[in-house]
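*Asks:* When you get a sec, could you give me coordinates for this:
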Amino acid sequence: MKWESLRQNLPDTPVHDIAVEDRDLVIATHGRGFYVMDHIAPLRQGGLQTKFHLYKPDDALRGLDRNVAIDYYLTQPAQSVKMEFLGPDGKAIRTFTGTPADAERKPPVPDGATDDGPRRPPEPHPPVAVGLNRVTWDLRYPGSTDFPGLIMWAASSRRSAGGAGQLPGARDGRRPDRDAAVRGAARAAPAQGRDRSGSARRVRSGGQGARQGEPGQRRPCCWFAASRRRSRRGRPSSTPSPRRWQRRLDDFAAALSAIEGEIYQVKLQSSQDPLNFPIKLNNKIAALQGVIESADVRPTEQAYSVFRTLSNGLDEQLGKLDTT
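*Replies:* All right, here's what the predicted structure looks like:
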């Protein structure tokens, strides 16, 4: 038998109590506070079986866990590691890939991002180094489509629905699978979780439509209006348009700007501007999604009513866009 150190940066100090709480190892010291080693599944599951060993992850609990931790062990460096999260229906929810270059690459700063502005967390890249590695997934589907300069007072992507799923991991072509689940709180029935997830999906689709329109049919109206204005301003002065065409272009741009202003608050320049200028349809829909996701229960009737009101308002503006 070979003993391995698990001190994990714990300083030299007396340890007078130790406890295992579900997924975590907790120790109490005198003078150094509490130390927690979270997600000890690799310790429980024992030794390695292959050059790429994927441990079975602990189930994630909605309302308690903000992410799910995936642990794996590499006996030698890998050229690539791919993690794919599948839903209960077998379809991929998220896919993450790691290479040696990812470990050296600095995360990019989003265009227009400020220190006080909201930022999406960077995409995780599974490590490829020898030893025990961990990658975490935030339990969310890909984010909604945005555009340069977008400022939202409240916005989120849809969380994964509860239920069993699969985690295929691949290292240089080798692919072991592990089952995991995203479970709801004990007080919430499975049907409530499905209602919550389905409602969040519909609300997110509405917010997506506010920024993108139907795929293949509409460009984002704020981009469309801005591009028309830029096109008109950039026309060479040596070839002026007839006055009637100029008036039509002006009317067209004004109509697009009016639609844009109802869907998105065009006066926003910083993350604090929504305090001064009222949010519009896309931000209201995103805020409603946050309310639905804030509790692991079925959405209230008020939430359904608000969604119908906002959805009808968005349909009205997109209908105007079709006829403009």
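*Asks:* measure stretch 78-97 end to end?
*Replies:* Between the opening and closing residues of stretch 78-97 there is a gap of 12 Å (C-alpha to C-alpha, to the nearest Å).
*Asks:* Same question for that stretch: list its buried residues.
*Replies:* 78, 81, 82, 83, 84, 85, 86, 87, 93, 94, 96, 97 (16 or more other C-beta atoms under 10 Å). In this view, the C-beta of every residue, glycine as well, is placed from N, C-alpha and C.
*Asks:* Now residue 248: which helix or strand?
*Replies:* Here residue 248, judged by DSSP states H and E, is contained in helix 243-263.
*Asks:* Next, the buried residues of that helix.
*Replies:* 249, 253, 256, 257, 259, 260, 261, 262, 263.
*Asks:* which helices and strands sit right next to that helix?
*Replies:* helix 221-233, helix 281-293, helix 301-323 (3 or more C-beta pairs under 8 Å, 6 or more residues apart in numbering; DSSP states H and E).
*Asks:* Counting only helices, which of the buried residues of stretch 78-97 make the cut?
*Replies:* Applying DSSP state H to the buried residues of stretch 78-97, no entry is found in helices.
*Asks:* Where is pLDDT lowest across those?
*Replies:* Comparing pLDDT over these, residue 87 scores lowest. The value there is 82.
*Asks:* quick one: that residue and residue 93 touch, right?
*Replies:* Yes: at 5.3 Å, residue 87 counts as touching residue 93 under the criterion of C-beta atoms under 8 Å.
*Asks:* residue ranges for the strands of this protein, please.
*Replies:* Listed from the start of the chain, the chain has strands (DSSP state E) covering 15-21, 24-29, 34-37, 52-54, 60-61, 68-74, 81-86, 92-98, 131-137, 163-171, 177-183.
*Asks:* and these, which one's lowest on average pLDDT?
*Replies:* Among those, strand 163-171 carries the lowest mean pLDDT (a mean of 58).
*Asks:* before we move on, back to that, quick one: the helices and strands packed on helix 243-263 as JSON lines, columns for distance to residue 105 too.
*Replies:* Output for those, formatted as JSON lines (distance: least, C-beta to C-beta, whole Å):
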{"stretch": "helix 221-233", "distance to residue 105": "29"}
{"stretch": "helix 281-293", "distance to residue 105": "30"}
{"stretch": "helix 301-323", "distance to residue 105": "38"}
